[in-house]
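Trainee: sequence plus predicted model, see below.
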Amino acid sequence: MTNHPLGGEAWEWDEGNEAELFGHNIPPCEVYEVWENGPVWVPNVRHRAGDWKMIGRTSGGRRLTIVIRLYPDRGMLRPITGWKTTAGERSKYLEGS
């Protein structure tokens with residue numbers, strides 16, 4: 001059991017979160033790519049939908065921010081929503097990348 005998403009063991013998907021991400025032009029494969037490419041993890045201080053923001057790049061170089069809900073008791077990561085990383089997020093978290 002962990003309280004950091006790096007300890008997540010599996011992803012939780014259903015029609016709801018897939019549709020939400022597709023609405024932002026983010027397919028599940030890009031969520032996995034950001035995860036595999038060593039994202040920056042930032043606590044989601046707004047706590048509206050998820051616990052963490054995963055900020056990083058896809059294998060094609062697209063910069064994305066994905067809001068993640070962590071279920072530490074199950075080791076599950078649930079993508080909630082996402083967007084193209086903003087200029088402010090890029091300068092704060094992805095400086096030089």
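Mentor: Yep, that arrived.

Trainee: contacts for stretch 35-51?
Mentor: 4-6, 52-59, 67-70, 78, 80-81, 93-94 (CB atoms under 8 Å, 6 or more residues apart in numbering). Placement of C-beta: from N, CA and C, glycine included.

Trainee: just the buried members of the residues you listed?
Mentor: 5, 52-58, 67-70, 78, 80-81, 93-94 (16 or more other CB atoms under 10 Å).

Trainee: just the contacts of stretch 35-51: which are in helices?
Mentor: residue 93 (DSSP state H).

Trainee: what packs against the helix or strand hosting residue 18?
Mentor: Assigned by DSSP states H and E, residue 18 belongs to helix 15-22. With contacts taken as 3 or more CB pairs under 8 Å, 6 or more residues apart in numbering; DSSP states H and E, helix 15-22 sits against helix 28-36, strand 76-84.

Trainee: who does the last one pair up with?
Mentor: Looking back up the chat, that one is strand 76-84. strand 10-11 (parallel), strand 63-71 (antiparallel) (DSSP bridges).

Trainee: can you show me the CA trace of it as CSV?
Mentor: Extracted C-alpha coordinates of strand 76-84, given in CSV (Å, rounded to 0.1, in the frame of the first residue of the first chain):
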residue,chain,number,x,y,z
MET,A,76,-5.1,1.3,-8.6
LEU,A,77,-4.6,4.4,-10.6
ARG,A,78,-7.8,5.9,-12.2
PRO,A,79,-7.3,8.6,-14.9
ILE,A,80,-10.1,11.1,-14.3
THR,A,81,-9.5,13.9,-16.9
GLY,A,82,-6.7,15.5,-18.8
TRP,A,83,-5.6,18.4,-21.1
LYS,A,84,-2.7,19.7,-23.1
